[in-house]
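**Q** Okay, sequence plus prediction incoming.
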Amino acid sequence: MNQTFENELINADAEANRIERELIFLKDKIRLLTEQKAVADRYIAGLRMRLKVNETRPGTLIDQIRDLLLKSQRPMHIDVIMASLGMEEKQKKLALIGTLSSYARRRRIFSRPAPNTFFLIELEGKHDMS
């Protein structure tokens, strides 16, 4: 009976070692999968941000300016933008510059390649900026 008990202890010890190795393996696998999930989450966040970059509400002034820049395929000074849209009120110029600059600072829809000059982020790098 003593031999049987000793064999059971040896078997139990071997089983405990096997379980411990499996736990180490699974912890490493969880760590690796967690890292992969973090990379995938950042990628998804980037894709979602790219989707939001070009969102405008149809018919709004921002949408009209985006359409104008899409058609021109070039950066435009605020005076040219306003003239193209038939806006003559000088008082609205500062407000429009502020609005477009706000979008550009947040890298949403517009960029600001020069003072009071705006372009579309989605076209950067695809077209000559001169």
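**A** Alright, I've got the coordinates. As the structure is a computational prediction, the values presented were derived from the model and not from experiment.

**Q** What is the neighbour count of Phe118?
**A** 26 (other C-beta atoms under 10 Å). The way it works is simple: take the backbone N, C-alpha and C, and place the C-beta from them, glycine included.

**Q** Report the separation between Leu96 and Lys90.
**A** 11 Å (C-beta to C-beta, to the nearest Å).

**Q** who has more neighbours, these two?
**A** Using other C-beta under 10 Å, the more surrounded residue of Leu96 and Lys90 is Leu96, with 21 against 8.

**Q** Surely that one is within a strand?
**A** No. Counting by DSSP: H, G, I helix; E, B strand; the rest coil, Leu96 falls outside a strand, being helix.

**Q** What about the nearest residue to it once chain neighbours are set aside, how many residues nearby?
**A** Using C-beta to C-beta, 6 or more residues apart in numbering and skipping residues adjacent in sequence, the residue nearest Leu96 is Ile78, 6.5 Å away. Residues lying near Ile78 (other C-beta under 10 Å) number 19.

**Q** tell me the contacts of Ile78?
**A** Shown here is Ile78, whose contacts under the criterion C-beta atoms under 8 Å, 6 or more residues apart in numbering are Lys93, Leu96, Ile97, Leu100, Asn116, Thr117, Phe118.

**Q** List the buried residues in stretch 99-117.
**A** Within stretch 99-117, the residues that count as buried by 16 or more other C-beta atoms under 10 Å are Leu100, Ser101, Tyr103, Ala104, Arg108, Ile109, Phe110, Ser111, Arg112, Asn116, Thr117.

**Q** Against Ile62, how distant is the residue nearest to Leu96?
**A** 14 Å.

**Q** Same question for Thr34.
**A** 40 Å.

**Q** Which of the three states applies to the closest residue to Leu100 other than its chain neighbours?
**A** Nearest non-adjacent residue to Leu100, counting by C-beta to C-beta, 6+ apart: Phe118, 5.1 Å away. Taken by three-state DSSP, the conformation at Phe118 corresponds to strand.
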